[in-house]
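**Q** here is my input; please provide its structure:
(2 chains)
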Amino acid sequence: MGSYLARRLLMLPAMLFAVSLLAFGIAWSVPPERRALAGVEKHVSPEQLRATIVENGWDRPFLVQYWRYLGNLCAGDLGRSIERRSNVATDLVAKFPATIELALASMAIAAVGGILVGIASAYARGSALDKAAMLYALVGVSVPVFWLALMVKELIIAYLSVPLISAIPPDTWWTRIETVDALIAADPHRFAVALRRLLIPAFVLATVPLAVIARITRAAMLEVLGADYVRTARAKGLGEVAVLLRHALKSAALPIATIVGMQLGYLLGGAVLTETIFDWDGLGKYVARAVLANDFAPVQAGVLVMASAFALVNLVVDLSYPFLDPRVTLA
Amino acid sequence: MRALARSRTGMVGGAIVVLFVTCALFAPWLAPFDPDEQVDADARQGPSARHWMGTTTLGEDVASRLAYGARTSLVVGLVSVAISLVIGVMIGLVAGYVGGWTDTLVMRAIDVLLAFPSVLLAIAVIMMLGRSLTSIMIATGVVGIPLFARQTRAGVLATVGAEFVVASRALGAGHARMLFVHILPHCASPLVVLATLRIATAVLESAGLAFLGLGGSSILEWGMMLADNQNHYRQLPHTVIAPGLAISATVLGFNLFGDALRDALDPRLS
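**A** Here you go, the predicted structure:
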């Protein structure tokens, strides 16, 4: 296909290498004695500690340890949590789907909401709607998401008397994404509960990406709406909605898709900050708690998984360009 | 300058920035109480004549803590942006000026850095460095490097073909002189805008990192204040509302000012 495709695909292993290096660096900076105590139930003697250190190679040089780390990764060994005394890989499998669910829901809200607001703002440029939307966009990116989460949670509890439904571990699960599992189980009540629980955190997390997407969409649409072919379409008698959606939006699709992909990175970081507040049992809460407890293995795994997922999503977005805009070839 | 004054939002932003910096610089004189002083008798109070923003559960004065927190945020913002700027500009200058394989390699590395979600990158860096305010400054500094590198490189590439550059080269100017005396000043405007906006982001990011506990347990930072009081909203809502508003207002101020700066310095960029 061409050099662009080659370069873009090469970015992924480079990215994954950098992610693994960074994740490894977290563990490497921990003194070997502390690493030897991870997940240990009973008291250990200094000799046992020393033996564990040597056995795991924690006194070996950086590159040797890094190589071992990669080997462990391939074998699915992500270490043990000191605080929880659990296998990190097992925890990850249990908790990551919940974060995926939250991220996808937020992304959907942010993308749909942001694009609609952006189109409306661009179309009604200078109007009260436009000004209000852009004001929201400005304030939205200035407010700390964890504070917003706190305020929303408290206000909803206080003024709407809606208690935050606490999570009850389900009897059966398949994907561990509660809304999807409820659908698979064909249980409408379970689905309703899952959806209600999901909505508030998803909306809060979506506020900032929505603002950013709206801003970018508005800018892209403004650029497109002034173009000749749009004028031609209107002159042909094409209805406004058709003009907007069929012609203008398609041309604006590339920058919008790019920014949507980039916002996922924000959502993953935001998950770490907000999941605890909403008692959302996902990877973010897992990592936040581990950070507080200075428990390095879960943080390492969390960074590895989330950063890798982000790199993958961005690759998919980049590879989708030719499908969004036929003028673009992967060359 | 006049173009800047014409923007009302820019002036509002500028006023907020001035207020923030004043609070930060003059905190020891402005703060009515010692921020760490815990007076049990006054604890758990809402706003009153004596304590304008109330007290915390430990009896600390919220207003004083807010003022000293501004100090922390100012230092973090400035140091973080300084790190990003100095290192980023150096990288961008070299990459843009030298070109070729150096440029490609360096910018690929920068792209990799840019592709990390900033919170995750910062968490990783701080876990490696140990938890402290300095670590937060370094981590947010590192997160910002790619932005300055890219911007500088773009400026260098745009300037390097200009006639005056070619002329000074013909006159025998050395590389260092070329870069710092001729090329860099022409890249300066977008960098100033970027620095202003980056201070906003750095303050926001550092508040989040402090909230997670990555600044250590003894720092006086707005994010940390939120973390300490997050379970006390019901009884003492002011302890949660005040720091959050402070963060939001400060970040908003820098964003507004930076946007106005961008519009004033180069209308093409907006």
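
**Q** in contact with the residue in the stretch 151-300 of chain A positioned nearest to chain B, which residues?
**A** Nearest residue of the stretch 151-300 of chain A to chain B: A:G269, at 2.9 Å (C-beta to the nearest C-beta). Bear in mind the C-beta positions are built from the backbone N, C-alpha and C, glycine included. By C-beta atoms under 8 Å, 6 or more residues apart in numbering or on different chains, the residues touching A:G269 are B:P117, B:S118, B:V119, B:L120.

**Q** closest one to B:V76 out of the residues you listed, please.
**A** Comparing those against B:V76 with C-beta to C-beta places B:S118 closest, at 14.6 Å.

**Q** isn't the closest one up against B:G141?
**A** No. At 11.6 Å, B:S118 does not count as touching B:G141 under the criterion of C-beta atoms under 8 Å.

**Q** for the longest helix seen in chain B, which helices and strands make contact with it?
**A** Longest helix in chain B, counting residues (DSSP state H): helix B:62-98. Helix B:62-98 sits against helix B:8-25, helix B:27-30, helix B:100-114, helix B:133-159, helix B:184-211, helix B:222-229, helix B:238-265, with contacts defined as 3 or more C-beta pairs under 8 Å, 6 or more residues apart in numbering or on different chains; DSSP states H and E.

**Q** still on that earlier bit, between B:S118 and B:G141, which one's more packed in?
**A** Per other C-beta atoms under 10 Å in any protein chain shown, whichever of B:S118 and B:G141 has more neighbours is B:G141, with 24 against 21.

**Q** what comes up buried for stretch A:280-297?
**A** A:280-292, A:295-297 (16 or more other C-beta atoms under 10 Å in any protein chain shown).

**Q** grab the most central residue of chain A for me.
**A** Nearest to the mean C-alpha position of chain A, counting by C-alpha atoms, centre = their mean, stands A:L268 at 3.0 Å.

**Q** can you list the weak-confidence ranges in the chain?
**A** Since no chain was named, I'll use chain A. Regions of chain A meeting the criterion pLDDT under 70 cover residues A:1-2, A:38-41, A:160-171, A:244, A:329-331.

**Q** could you do chain B instead?
**A** For chain B, applying pLDDT under 70 flags the ranges B:1-5, B:266-270.

**Q** helices of the stretch 151-300 of chain A, start to end?
**A** A:178-184, A:188-225, A:228-235, A:240-242, A:250-274, A:283-292, A:296-319 (DSSP state H, counting those that start in this stretch).

**Q** what angle separates the fifth one from helix A:188-225?
**A** Meaning helix A:250-274. Between helix A:250-274 and helix A:188-225, the angle formed by their directions is 130 degrees, by axes from the mean of the first three to the mean of the last three C-alpha atoms, to 10 degrees.

**Q** residues contacting the closest residue to B:H186 other than its chain neighbours?
**A** Take B:H186 and drop its neighbours on the chain: the residue closest to it by C-beta to C-beta, 6 or more residues apart in numbering or on different chains is B:T159, 4.7 Å away. B:T159 sits next to B:V165, B:H182, B:I183, B:H186, B:C187 when contact means C-beta under 8 Å, 6+ apart.

**Q** so which bits of the stretch 1-150 of chain A are right by chain B?
**A** Contacts of the stretch 1-150 of chain A with chain B, taken as C-beta under 8 Å from any C-beta of the partner chain, map to A:11, A:14-15, A:18-19, A:22-23, A:25-26, A:28-29, A:138-139, A:141-147, A:150.

**Q** so which of those residues belong to helices?
**A** Using DSSP H, the residues of the stretch 1-150 of chain A next to chain B in helices are A:11, A:14-15, A:18-19, A:22-23, A:25-26, A:28, A:138-139, A:145-147, A:150.

**Q** in stretch B:115-122, which residues are buried?
**A** B:A115, B:F116, B:P117, B:S118, B:V119, B:L120, B:L121, B:A122.

**Q** the third one against A:L268, yeah?
**A** Yep, that's B:P117 we're talking about. Yes. B:P117 lies in contact with A:L268 (C-beta under 8 Å); the separation is 5.1 Å.

**Q** name the residues contacting each of those two.
**A** Residues touching both B:P117 and A:L268 by C-beta under 8 Å, 6+ apart: A:M306, A:F310.

**Q** not counting its neighbours along the chain, what's nearest A:Y286?
**A** Excluding the flanking residues, the one nearest A:Y286 by C-beta to C-beta, 6+ apart is A:K95, at 5.0 Å.

**Q** ok, now which ones touch the residue of the stretch 51-200 of chain B found nearest chain A?
**A** Proximity of the stretch 51-200 of chain B to chain A (C-beta to the nearest C-beta) peaks at B:V119, 2.9 Å away. Counting by C-beta under 8 Å, 6+ apart, B:V119 makes contact with A:L268, A:G269, A:G270, A:V272, A:L273, B:E205, B:G208, B:L209.

**Q** give me that answer again for 6 Å
**A** A:G269, A:V272 (C-beta atoms under 6 Å, 6 or more residues apart in numbering or on different chains).

**Q** name the SS class of it, please.
**A** Look at B:V119: counting by DSSP: H, G, I helix; E, B strand; the rest coil, its state is helix.

**Q** near the closest residue to B:V112 other than its chain neighbours, how many other residues are there?
**A** Among residues not flanking B:V112 along the chain, A:A18 sits closest, at 4.7 Å (C-beta to C-beta, 6+ apart). The local packing of A:A18 (other C-beta under 10 Å) involves 17 other residues.

**Q** and B:Y97, what does it touch?
**A** B:V156.

**Q** rerun at 8 Å
**A** Residues counted as contacts of B:Y97 (C-beta under 8 Å, 6+ apart) are B:V156, B:V160, B:H175, B:M178, B:L179, B:I183.

**Q** any of those residues buried? List them.
**A** B:V156, B:V160, B:M178, B:L179, B:I183.

**Q** could you dump these to JSON lines with distance to chain A?
**A** Output for the buried ones among the contacts of B:Y97, formatted as JSON lines (distance: C-beta to the nearest C-beta, whole Å):
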{"residue": "B:V156", "distance to chain A": "22"}
{"residue": "B:V160", "distance to chain A": "23"}
{"residue": "B:M178", "distance to chain A": "30"}
{"residue": "B:L179", "distance to chain A": "28"}
{"residue": "B:I183", "distance to chain A": "27"}
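
**Q** thanks again, I'm all set now.
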